[in-house]
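Enquirer: for reference, the sequence and a predicted model appear below.
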Amino acid sequence: MSRIGKSPIEIPAGVKVTFEGLKVVVEGKLGRLEYETIPPIKAEIVDNEIIVTRANDSREQKALHGLTRALINNMVVGVTQGYEKILWIIGTGYNGDVTGPWLKLALGYSHDILIEIPEGIKVTVDQIGRGGAVKDLNSVIKIKGINKEDVGKFAAEIRNCRPPEVYKGKGVRYHDEHISIKAVKAGA
């Protein structure tokens, strides 16, 4: 059996899990999420736990078993605690700001970058300025939501606007990301 797939998912207090055919619906204090399982994979509630089972031991079934269990667990965690990604904007003159449904980024290009904030995602930008723990840390972007996939995808989209460069470390990076700074070649 899949190690991930065979572990049961405990249903916390305040979370309601229902099955509508192949669809799994998880509702909690932060919202509602849905996922449609692939037919041979089944999920059921036994003793306040969600158990995911598969029809046979084929390679595809084993992979889908672990995937389905992980996705349902992410839904349960999302509606109870939510997910958060933190990005740092590092560089002189680099900053970000939330303007209505848009995230406006100034990342050293000749123009500002506008990214539409997806529905269900909450974005805040804190202006730090000089003197922080990291040299030239100007802004901290906090992305929150109940869907782990959407939060991660939006954070990756922002980081992709100006990935950190290796000589000075300027750009957009995750708060826990380590960038190895290269030494500049010495001239003769």
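Expert: Looks like it arrived, so ask away.

Enquirer: what residues of the lowest-mean-pLDDT helix or strand in the chain count as buried?
Expert: Among the helices and strands of the chain, helix 3-6 carries the lowest confidence by mean pLDDT, DSSP states H and E, at a mean of 86. Within helix 3-6, the residues that qualify as buried are Gly5, counting by 16 or more other CB atoms under 10 Å. Heads up, the C-betas are built off the backbone N, CA and C, glycines and all.

Enquirer: got the contact list for the helix or strand hosting Asn138?
Expert: Counting by DSSP states H and E, the secondary-structure element that holds Asn138 is strand 137-145. Surrounding strand 137-145, the residues in contact under the criterion CB atoms under 8 Å, 6 or more residues apart in numbering are 78, 82-91, 93-96, 103, 120-129, 151, 154-155, 158, 172, 175.

Enquirer: sorry, back to before: contact partners of the next helix or strand after the least confident helix or strand of the chain?
Expert: The C-terminal neighbour of helix 3-6 among helices and strands, as given by DSSP H and E, is strand 9-10. Outside strand 9-10, the residues within contact range by CB under 8 Å, 6+ apart are 48-50, 52, 69, 72-73, 76.

Enquirer: how distant is strand 9-10 from the center of its chain?
Expert: Relative to the mean C-alpha coordinate of its chain, strand 9-10 is positioned 21 Å out (CA atoms, centre = their mean, to the nearest Å).

Enquirer: the most centrally placed residue in the chain: what's it in contact with?
Expert: Nearest to the mean C-alpha position of the chain, counting by CA atoms, centre = their mean, stands Gly152 at 2.7 Å. Shown in contact with Gly152 (CB under 8 Å, 6+ apart): 83, 85.

Enquirer: that one in helix, strand or coil?
Expert: For Gly152, the secondary structure call by DSSP: H, G, I helix; E, B strand; the rest coil comes out as helix.

Enquirer: coming back round to it: next step: the contacts of strand 137-145 restricted to helices.
Expert: 78, 151, 154-155, 158 (DSSP state H).

Enquirer: filter the residues you listed to the buried ones?
Expert: Among these, the ones that count as buried (16+ other CB under 10 Å) are 78, 151, 154-155, 158.

Enquirer: which of these sit farthest apart?
Expert: Within those, Gly78 and Ile158 form the most distant pair, 19.9 Å apart (CB to CB).

Enquirer: what sits up against stretch 19-30?
Expert: With contacts defined as CB under 8 Å, 6+ apart, stretch 19-30 is touched by 12, 14-18, 32-39, 43-44, 72, 75-76, 78-82, 146.
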